[in-house]
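> Only the shape, not the letters, is given here:
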């Protein structure tokens, strides 16, 4: 029987993070992954035409400047990992040839907004400074520590001015927050989209504290040179160089539990692998507890009925993504670049919306299970910043459209029938803003529907790209529930570390990093890493 100190189930970004930290701590670690390629959402594939590579899931990396793994594991210094943060970072072009750009430089952003509303430009300047303070003093540090209980968390926040201000935002909807700051319809359109980019409902109360995060990050998105999978590849190297192993193509049958303690795993071919110290699952709660642990086994109750019900109550996201990936003969040029050439160098393009009402109509349609004709999306042209992702002189394009998993007509299976038509509509909308993406310029294309996401990634049920909805009772110390948000579980030596665990998904490495800390603390493993500087500063200021 094979034996390791620790077994990590799932080779996505958080599972790889746990394995890398534990391997560097001297433990013999095994990562088992169902797919034949590690990385989960860090997925870069050749899916269109020879020589073209496409980031088919994670593209915009939002916490490179904060996530502790980059410094702790020396991913940039020792492993050659590189990112680029284009300027402008986010662009919303309009059909009349005008545009709004969000730059890393605040004053340049203000100048862009001022073309529509000088008042909104001043408001952005003030908002940018305030939200940056929120990020540095609370939001980013709290991402990489264990969550407080709801009562304790609110009590702590009320002790500082920043905490009180962020707590006040929590009760507001994203649309209310944006509307309180800005007045021009086009400015509000961009800001509302940026605030709801990652599946936050525009009219949802209770999660307004995430709006400063998403609006701040709208000028901090970065692209991984060599493709998003390069980050997974580098984490795999860290694990291997420290004596660990990542095995793909492994189908799990069960997590072995003896006398309430996780002792290993059994694969579908009856192979048993023993874990001397821990098992960590980066899978969703349903798989981890209902499928692989089980409510009971051989007459022994393994999980409390109340806990089981909490797991069964877990909700997936209503909003998923339709992806259309294009291999292109030529570099895309925006119509709006005729008057503003540098917008051709942007990273995230928000297209198809002329007003805040257009954004709202699109999101309403998604929640109703409908596809809005001519609906907007975000787009990206990665090869503008990383030519190696296509043959010389060629380019790639990504269209990523918010879309429902459960279609009102025909259910999710209807995606198989309408995928080509919907992709055609997206490309036609793209062409309204980028005229040189003509039929002759498209070498090939690849379509990924919400149903394809579920089929590809078993923990993204119903196309839920964050392993579960962002709603009030599935966030903070309730993600995924009261017992597991700090990575421990009712099963001794079984830990959770996936996107369904606090702080959530979007490849921010919070769940994996926090789990590594929890495992070390619970098992008495000496940490080779120290507390992040941003966390220490926040503690000193009393904001954590």
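Structure received. All values reported here derive from a predicted model rather than from experimental measurement.
> Now do the end-to-end distance for stretch 139-152.
Using Cα to Cα, to the nearest Å, one end of stretch 139-152 lies 16 Å from the other.
> Ok, stretch 280-293 next?
OK, stretch 280-293 end separation, Cα to Cα: 12 Å.
> Dig out what residue 496 forms beta bridges with.
residue 281 (DSSP bridges).
> Against residue 285, how distant is it?
From residue 496 across to residue 285, the span is 8 Å (Cβ to Cβ, to the nearest Å). The C-beta positions use only the backbone N, C-alpha and C, and glycine is treated the same way.
> Identify the contacts common to these two.
Listed as contacting both residue 496 and residue 285 by Cβ atoms under 8 Å, 6 or more residues apart in numbering are 480, 484.
> for the stretch 1-150 of the chain, which spans come out with low pLDDT?
1 (pLDDT under 70).
> Residue 108 in helix, strand or coil?
The three-state label given to residue 108 by DSSP: H, G, I helix; E, B strand; the rest coil is helix.
> what's near enough to touch it?
Applying Cβ under 8 Å, 6+ apart, the residues near residue 108 are 87, 88, 101.
> I'd like to know which of the residues you listed is nearest to residue 323.
residue 88 (22.6 Å; Cβ to Cβ).
> Just the contacts of residue 108: which are in strands?
Applying DSSP state E to these, the entries found in strands are residue 101.
> so which of the contacts of residue 108 would you say is closest to residue 458?
Nearest to residue 458 among the contacts of residue 108, with distances taken as Cβ to Cβ, is residue 88, at 37.0 Å.
> Is it correct that the closest one is in contact with residue 341?
No - the pair residue 88 / residue 341 is not scored as a contact, 11.7 Å apart, by Cβ atoms under 8 Å.
> Comparing the two, which shows the higher neighbour count?
residue 88 (24 against 11; other Cβ atoms under 10 Å).
> Now that one: closest residue in space that isn't a chain neighbour?
Excluding its sequence neighbours, the residue lying closest to residue 88 (Cβ to Cβ, 6 or more residues apart in numbering) is residue 101, at 3.8 Å.
> give me the beta-bridge partners of that neighbour?
If you apply DSSP bridges, the partners that residue 101 bridges to are residue 91.
> Give me the three-state assignment for residue 213.
What three-state DSSP gives for residue 213 is helix.
> Just give the number of residues close to it.
For residue 213, the count of nearby residues is 23 (other Cβ under 10 Å).
> which SSE is residue 233 in?
Following DSSP states H and E, the helix or strand that holds residue 233 is helix 229-241.
> Pull the residues that contact whichever helix or strand comes after that helix.
Proceeding N to C from helix 229-241, the next assigned helix or strand is strand 245-247, under DSSP H and E. Residues from elsewhere that reach strand 245-247 (Cβ under 8 Å, 6+ apart): 11, 16, 19, 29, 30, 31, 32, 33, 38, 236, 239, 240.
> One more pass at 6 Å, please.
Outside strand 245-247, the residues that touch it by Cβ atoms under 6 Å, 6 or more residues apart in numbering are 11, 30, 31, 32, 38, 236.
> buried set for the very next helix or strand once past that strand?
Next in sequence after strand 245-247, counting helices and strands by DSSP H and E, comes strand 252-258. By 16 or more other Cβ atoms under 10 Å, the buried positions in strand 252-258 come out as 252, 254, 255, 256, 257.
> try stretch 114-126
Residues of stretch 114-126 classed as buried: 116, 117, 120, 121, 123, 124 (neighbour count, 16+ other Cβ under 10 Å).
> same question, stretch 181-199
181-182, 184, 186-199.
> So what's the gap between it and the chain middle?
Relative to the mean C-alpha coordinate of its chain, stretch 181-199 is positioned 19 Å out (Cα atoms, centre = their mean, to the nearest Å).
> Now that stretch: average pLDDT?
Mean per-residue pLDDT for stretch 181-199: 97.
> got the contact list for that stretch?
92, 100, 113, 116-117, 120, 123, 127, 174, 178, 202, 211, 214-215, 218, 317, 319, 350, 353, 355-356, 359, 470, 506.
> now with 7 Å?
Residues from elsewhere that reach stretch 181-199, judged by Cβ atoms under 7 Å, 6 or more residues apart in numbering: 90, 92, 94, 100, 113, 116-117, 119-120, 123, 127, 174-175, 178-179, 202, 211, 214-215, 218, 317, 319, 350, 353, 355-356, 358-359, 363, 466, 470, 506.
> quick check, nearest of the buried residues of stretch 114-126 to residue 42?
Looking across those and measuring by Cβ to Cβ, the closest to residue 42 is residue 124, at 32.1 Å.
> where's that closest one relative to residue 93, distance?
Residue 124 is 18 Å from residue 93, by Cβ to Cβ.
> are any of the contacts of stretch 181-199 buried, and which?
Buried residues within the contacts of stretch 181-199, counting neighbours by 16+ other Cβ under 10 Å: 90, 92, 94, 100, 113, 116-117, 120, 123, 127, 174-175, 178, 202, 211, 214-215, 218, 317, 319, 350, 353, 356, 358-359, 363, 466, 470, 506.
> Out of those residues, which sit inside helices?
When DSSP state H is applied, the buried ones among the contacts of stretch 181-199 are split such that 113, 120, 123, 127, 174-175, 178, 211, 214-215, 356, 358-359, 363 fall in helices.
> Now render the buried residues of stretch 114-126 as TSV, adding distance to residue 148.
Below are the buried residues of stretch 114-126 laid out as TSV (distance: Cβ to Cβ, whole Å):
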residue	distance to residue 148
116	41
117	39
120	35
121	37
123	32
124	32
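> what's the farthest-apart pair in those residues?
Spanning the widest gap among the buried residues of stretch 114-126 are 116 and 123, at 11.9 Å by Cβ to Cβ.
> Go through stretch 314-333 and flag the buried ones.
Of the residues in stretch 314-333, 314, 316-328, 331-333 count as buried by neighbour count, 16+ other Cβ under 10 Å.
> okay but residue 160 is in contact with residue 543, surely?
Yes - contact criterion Cβ atoms under 7 Å: residue 160 and residue 543 qualify, at 5.3 Å.
> Of the two, which one has the most company?
More neighbours surround residue 543 than the other of residue 160 and residue 543, with 23 against 17 (other Cβ under 10 Å).
> Backbone dihedrals for that one, both of them.
Residue 543 adopts backbone torsions of phi -90, psi -10, taken as degrees, to the nearest 10.
> ok, now residue 9?
Phi and psi for residue 9, reported as degrees, to the nearest 10, are phi -100, psi 120.
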